[in-house]
Structure formats: C-alpha cells, structure tokens
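J.: Structure for this input, please:
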Amino acid sequence: MNWISAINNAIGYMEDHLCEQITLTDIAKSVDLSPFHFQRAFSLLTGMSPAEYLRKRRLSQAGADLINQEKVIDVALKYCYDSPESFTKAFTRFHGCTPVQARKGSPIQFMNRYTVRLTIEGGSILEYTIEKWEATDLLMHAKDFHPETSEKEIPLFWYEYYANKEYRKVPGYLGICAQKKTDSDEFRYGIGCKASDVNGIPEGFEIIHIPEYTWAVFKCVGPSPDAIQAMWEKIYKEWLPVAEYELIPDYDIENYLPGDPSSKDYVSEICIPVRKRG
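T.: Okay, the predicted model is just below:
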C-alpha cells in the first residue's frame, strides 16, 4: 500500500463528490481501505479528519459561488446542507461573515485542495525491530468505536477502565485495535493483557485471537500518551512511505510497559503487523 498515493486518490474522490452526500465508508472504499485505517492515515498525513476536510472545502467553494452571486439557498443545497439556517451557521463560523455579507463583498476564507507529498526532513530516529510472533490470544475489555469519534472516546474508555477498577481483574497494559471483518464502519478496541497472564475469562472481558504475523515494533520514549501519538505520526509520515515493509491493515497493538507513564524516560511500544513489499 502506497499511503501517499492512497490519500491523494481519496482527496480526488472527495473533490469529485463535494456536491454529494458521501460517507467515510464511501471514501475509504474508493481507495480499498477500512474506514478505521483510512481515518487514521488521513488525519496523520493532513492534520485534519476527512469530515473536516470535506466541510472546509465545501464552505470554501460555497464562498466562491456566493461571490459569483448565486442564491444562498441554492448554494446551501448544492453543498449538502439541510437548510439555509444550518448552512449560514457553518458558513459564518468558517468565513467570519454571513452568506449575505459574502455576496455583498465581505472578505472570505478559502482552503485550496490538498496534495500530500513525501518530504525528506531528516533528524528524527525511529528505533524499531522486526519480529516474528506466533499466534496468540489476548484478554480484552472491549467495545466498538467509530473512527470519527474514537479519538475522544478511547481516552475516556481508558479512564473508565481504571475508575471502575477493571485492572483488578485484568492488568491493562495492552491497547489493541481490531478491524471488524464486516462492512461496518466500526472497529473493536480493547484494553487488557495476554490471555496466559490470567486464569479464566472474567466478566466483561473477551478473547481476541491474533494470528501469526511479522511485526514492526517501535520504541516510544517519553510521557504517555504524547510519545505514542508522536510515534504514530512518524510511522505514517516517515516510515511507511519508504520502508521495505508495508502495513497489514488488520490489528495493531500499543504496549504500555512498567514504569511511570508521566516520566520523560517512560518506554512504550507500538506494534503493527507488516509484510515485505511485493
């Protein structure tokens, strides 16, 4: 998978459908990715979510249309707003003026179409190993998340795990994303440990089977979760575009090792299944 090309192709798809109701699933399918992996890659490579990109591009084009004296209601419907009122609210928040004021010549904002490019900037070092792991079972407290809201909901899920003292049943040192094998937008995320660490399956927990894979294991040094988040960005921006391996978009694991998570020397790991490029 060439992630740079995939994201640019997805941007092309969005640009071709600015005037149509499209979903995250529609966009992800256009580049043969799951919604989860597309959302993550797009956000890391562009700095915004697909939904935010669509919104800003639609409002940018709407501003240009209004300058050309198109009617507010026509522009609102053209760019998929249910009513002139909802359009006016979004337009004003983005442009700093109302649609009527824009038609009369008030200055507007404009965001051009994005193109993602690989740039060589040097300086950062990614410490990683390539490891062959046998199939294993993980014991997880898990639930389904939607890619568009998971960034806010997963930290809350971790907070609830400790607030409800689930760690007394199962030590929560692993966080795992498991892409669902259906057409659903959602993915399964769990907190837990290796199944061999605990006897039985406590109430509220389940087994997630991880097949045998080759894994790229990245060392993250620094306070959690900042170090983990920074490493994810480096993986997508610096490692995946040039590595001799490509990501298998199936599972990924964050391993929180013993120690003080707030310490500048704290070590955690990101583990992603990979294969040699064909």
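
J.: so what pLDDT did G123 get?
T.: As summarised for this prediction, G123 has a pLDDT of 57.

J.: meant to ask about K132, not that
T.: K132 carries a pLDDT value of 97.

J.: A helix includes it, no?
T.: No: using DSSP: H, G, I helix; E, B strand; the rest coil, the assignment for K132 is strand, not a helix.

J.: and the gap between it and G204?
T.: Counting by CB to CB, to the nearest Å, the separation of K132 from G204 is 32 Å. C-beta here means a position set from N, CA and C on the backbone, and glycine is covered the same way.

J.: which one of these two has more residues nearby?
T.: G204 (12 against 8; other CB atoms under 10 Å).

J.: Excluding sequence neighbours, find me the nearest residue to that one.
T.: Closest residue in space to G204, ignoring its immediate chain neighbours: H141 at 5.7 Å, by CB to CB, 6 or more residues apart in numbering.

J.: try A102
T.: Nearest non-adjacent residue to A102, counting by CB to CB, 6+ apart: L66, 4.5 Å away.

J.: So for the protein, which residue is the most central one in space?
T.: Nearest to the mean C-alpha position of the chain, by CA atoms, centre = their mean, lies R40 at 2.1 Å.

J.: Was I right to think C80 contacts Q21?
T.: Yes: between C80 and Q21 there is a contact under CB atoms under 8 Å: 5.4 Å.

J.: Could you check which of the two has the larger neighbour count?
T.: C80 (16 against 7).

J.: In terms of pLDDT, where does that one sit?
T.: 95.

J.: Name all residues that make contact with W215.
T.: 130-133, 271-274 (CB atoms under 8 Å, 6 or more residues apart in numbering).

J.: Would you point out the most distant pair within those residues?
T.: K132 and I272 (13.9 Å; CB to CB).

J.: On the three-state scheme, the residue lying closest to H95 once chain neighbours are set aside is what?
T.: Once flanking residues are discounted, H95 sits nearest to I108: 4.6 Å by CB to CB, 6+ apart. Secondary structure, three-state DSSP: I108 is coil.

J.: count of neighbours near I108?
T.: Neighbourhood size, I108 [other CB under 10 Å]: 20.

J.: And S34, by the same measure?
T.: 21.

J.: which residues sit in contact with the residue lying closest to it once chain neighbours are set aside?
T.: In space, S34 comes closest to Q179 once its chain neighbours are excluded; the distance is 5.0 Å by CB to CB, 6+ apart. Neighbouring residues of Q179 by CB under 8 Å, 6+ apart: 34, 36-37, 187-188, 249-251.

J.: swap the cut-off to 7 Å and go again
T.: Q179 sits next to 34, 36, 187, 249-250 when contact means CB atoms under 7 Å, 6 or more residues apart in numbering.

J.: Over to Y13?
T.: Residues near Y13 by CB under 7 Å, 6+ apart: 27, 30.

J.: What helix or strand is it located in?
T.: Using DSSP states H and E, Y13 maps to helix 3-16.

J.: how close does H209 get to A195?
T.: 9 Å.

J.: Those two: which is more packed in?
T.: A195 (19 against 11).

J.: Which residue, neighbours along the chain excluded, lies closest to that one?
T.: D137 (4.0 Å).

J.: quick revisit: got a list of contacts for the helix or strand where the residue nearest to the centre of the chain lies?
T.: Assigned by DSSP H and E, R40 belongs to helix 35-46. Residues outside helix 35-46 that contact it (CB under 7 Å, 6+ apart): 3, 7, 10, 24-25, 27-28, 31, 49-50, 53, 114, 116, 147-148, 177, 179, 185, 187, 232-233, 236-237, 249.
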